[in-house]
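Asks: Have a look at this prediction, sequence included:
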Amino acid sequence: MSGQKRRPLIAGNWKMNGLKIAGGRTLGAVIEGYDAGLRAKADLLVCPPATLVYAFAAAAVGSRVAIGAQTCHPEISGAHTGEIAAEMLADAGASYVIVGHSERRAFNGETDADVRARALAARRAGLTPIVCVGETREERDAGRALEVVGAQLAGSVPDGEGPLVVAYEPVWAIGTGLTPTEADVAEVHAFMRAQLRSRFGAAFADGVRLLYGGSVKPSNAAALLAVEDVDGALVGGASLVAADFLAIAAACPA
Ligand SMILES: O=C[C@H](O)COP(=O)(O)O
């Protein structure tokens with residue numbers, strides 16, 4: 001059992017999608033649709049490509065829709081061509097940053113230690129890190145899902161009781177239309193909560209929002225968001241369509 005009710009967070013990860021005109025329209029529709037009814041149910045976060053963070057943060061002022069980024073470099077500044085420091089994201093108006101997404105782990109070789117360093121950088125800059133973990137299909141089929149998630153969590157979440165969101169994203173569920181059963185999601189989320197409790201104590205662990213991510217859509221959101229210890233969703237494809245993103249938020253339990 002969670003022991004504490006947490007306010008759901010519905011986060012949209014736009015990945016490498018979005019140009020300023022069309023993307024701005026989508027953000028505008030999200031802001032417009034985030035009415036009192038939805039605000040009573042969930043926090044909303046949009047994580048566009050880095051090129052749009054500044055403009056989106058400016059457009060979202062006063063709307064209560066938060067803006068985040070998709071990764072950050074561990075260092076404050078220096079000779080790191082093409083990289084963006086957490087402080088720069090904060091300066092641009094971001095309040096969250098995703099770290100350790102499986103696409104960055106797979107395509108950019110980020111290790112748990114790298115992810116932990118990025119999460120620490122986020123905290124240093126005053127951002128909330130969203131630390132991503134999740135097993136591959138082969139790992140789940142081999143009965144190793146909890147072992148893999150536990151190791152990623154232990155290695156990627158920094159010490160200390162700073163701001164933290166964790167997203168469980170089974171790699172095989174991302175962009176595939178496949179989702180784990182609700183029982184499987186419940187098992188992993190309860191396991192993550194227990195891991196955090198044993199490391200940090202219940203007072204901190206019970207306040208950490210644990211998101212589920214991987215093929216969340218309006219049609220499956222209510223069932224996934226009703227699972228014990230699921231405190232929101234990290235949404236990829238469906239977050240690019242304002243009506244779908246808002247419908248997912250509307251599916252949060254009242
Ligand atoms: O960060 C978001 C996830 O990778 C999920 O993506 P998806 O909703 O397109 O499956």
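Replies: Cool, the structure landed.
Asks: From now on I want contacts and neighbour counts done on CA atoms only, so please keep to that.
Replies: Will do.
Asks: Check the secondary structure at residue 131 for me.
Replies: strand (DSSP: H, G, I helix; E, B strand; the rest coil).
Asks: Write down the beta-bridge partners of it, one by one.
Replies: For residue 131, the beta-bridge partners are residue 99, residue 166 (DSSP bridges).
Asks: Mind jotting down where the strands sit in this protein?
Replies: 9-13, 43-47, 65-69, 96-99, 128-133, 165-168, 209-213, 232-235 (DSSP state E).
Asks: Dump the ones you listed to TSV, plus mean pLDDT.
Replies: Shown next, in TSV, are the strands of the chain (pLDDT from 0 to 100):
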stretch	mean pLDDT
strand 9-13	98
strand 43-47	98
strand 65-69	98
strand 96-99	99
strand 128-133	98
strand 165-168	98
strand 209-213	98
strand 232-235	98
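Asks: Pipe those strands into JSON lines and attach mean neighbour count per row.
Replies: Below are the strands of the chain laid out as JSON lines (neighbours: other Cα atoms under 10 Å):
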{"stretch": "strand 9-13", "mean neighbour count": "25"}
{"stretch": "strand 43-47", "mean neighbour count": "24"}
{"stretch": "strand 65-69", "mean neighbour count": "27"}
{"stretch": "strand 96-99", "mean neighbour count": "28"}
{"stretch": "strand 128-133", "mean neighbour count": "27"}
{"stretch": "strand 165-168", "mean neighbour count": "24"}
{"stretch": "strand 209-213", "mean neighbour count": "27"}
{"stretch": "strand 232-235", "mean neighbour count": "28"}
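Asks: Count the neighbours of the nearest residue to residue 137 once chain neighbours are set aside for me.
Replies: Among residues not flanking residue 137 along the chain, residue 172 sits closest, at 5.3 Å (Cα to Cα, 6 or more residues apart in numbering). By the measure other Cα atoms under 10 Å, the count of residues near residue 172 is 20.
Asks: how far away is residue 172 from residue 103?
Replies: 12 Å (Cα to Cα, to the nearest Å).
Asks: again with residue 199
Replies: 27 Å.
Asks: Ok, residue 249 next?
Replies: Distance of residue 249 to residue 103, given as Cα to Cα: 24 Å.
Asks: The two - which one has more neighbours?
Replies: Relative neighbour count places residue 249 above the other of residue 249 and residue 103, with 27 against 13, counting by other Cα under 10 Å.
Asks: Quick check: pLDDT value at the more buried one.
Replies: At residue 249, the model reports a pLDDT of 98.
Asks: do the same with the one 3 residues further on
Replies: With respect to pLDDT, residue 252 scores 97.
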